[in-house]
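>>> This is a predicted model, with the sequence first.
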Amino acid sequence: MTETDTYLDRLRTELVGVAPEVSREIIAGIREELAGLDAQAAAARIDELGDPAFVAAEARAASAPSSTAASSGRGYIIVTGLLIAIGGIILPFLGWVVGLGLMWASKSWLRWEKLVATLTPPAVVALTALLSFAIPVVDPDPNPLVPAHLDVLTISTVAFVLVPLASGIWLIVRALRRNTLEP
């Protein structure tokens, strides 16, 4: 058995657990590189290639699922959308911010969708507060059961709950629809 055959056998053993197509491609590529070399040149090239365990470790690292694949899965999308939708209710403000961080770290959404989801809730709350102060309510005959003026805190709170809820649901629908349409 030649040094080339020994190296390829060791490499084949080390590549157990690597995707079969990747393993075949690596072995075929190295076999092609070593083909036609005399024993001394093959030994030198094998030294350059390195230990089969190192080559296999590199192949595993290159073919391992990336964090982007994890951050575009169905579960990740749903959890992120729910954190944006109701995270701020469960853990005031912080839950929503964590959801936004997960959303920005993922490639499941387009940049404009991320911007809309990030900027819309604060913009609506600020706009609601500004309009509440700007619009004078004049009621000549006030009903004691109905507030006579716009309650800024109540309206802003309702907006701060409803807008992220709508935003989170919208993000889930957009990302899941996109993921099911892509091959």
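Looks like it arrived, so ask away.
>>> now for the host helix or strand of residue 75, which elements pack on it?
Using DSSP states H and E, residue 75 maps to helix 74-90. The contact analysis (3 or more CB pairs under 8 Å, 6 or more residues apart in numbering; DSSP states H and E) places helix 74-90 against helix 94-105, helix 152-181. Just so you know, the C-beta spots here come from the backbone N, C-alpha and C atoms, and that holds for glycine as well.
>>> quick one, what contacts the closest residue to residue 33 other than its chain neighbours?
Leaving aside its sequence neighbours, residue 33 sits nearest to residue 45 (CB to CB, 6 or more residues apart in numbering; 6.3 Å). Residues in contact with residue 45 (CB atoms under 8 Å, 6 or more residues apart in numbering) are 33, 34, 37.
>>> tally of neighbours for the last one?
Going back to what we said before, that points to residue 37. Residues within reach of residue 37, counting by other CB atoms under 10 Å, total 14.
>>> rewinding a little: among the helices and strands packed on helix 74-90, where is the model least confident on average?
Looking at the helices and strands packed on helix 74-90, the lowest mean pLDDT belongs to helix 152-181 (a mean of 83).
>>> tilt between it and helix 94-105?
For helix 152-181 against helix 94-105, the angle by axes from the mean of the first three to the mean of the last three CA atoms, to 10 degrees is 30 degrees.
>>> can you pull the buried residues of helix 152-181?
156, 159-161, 163-165, 167-168, 170-172, 174-175 (16 or more other CB atoms under 10 Å).
>>> Also stretch 7-22?
7, 8, 11, 14, 15, 18.
>>> Same question for stretch 33-40.
Of the residues in stretch 33-40, those buried (16+ other CB under 10 Å) are residue 34.
>>> so how far is that stretch off the chain centroid?
45 Å (CA atoms, centre = their mean, to the nearest Å).
>>> pLDDT of that stretch, averaged?
87.
>>> Quickly name whichever of the buried residues of stretch 7-22 is closest to residue 49.
Using CB to CB, residue 7 is the member of the buried residues of stretch 7-22 that lies nearest residue 49, at 7.7 Å.
>>> Give the helix, strand or coil label for the closest one.
At residue 7 the chain is in helix, as set by DSSP: H, G, I helix; E, B strand; the rest coil.
>>> Within the helices and strands, which one has the closest residue to it other than its chain neighbours?
In space, and not counting its chain neighbours, residue 7 is closest to residue 46: 5.1 Å by CB to CB, 6+ apart. Residue 46 is part of helix 39-49, with elements assigned from DSSP H and E.
>>> Which other helices and strands does the next helix or strand after that helix contact?
Next helix or strand after helix 39-49 toward the C-terminus (DSSP H and E): helix 52-63. Applying 3+ CB pairs under 8 Å, 6+ apart, one finds that helix 52-63 contacts helix 3-14, helix 20-34.
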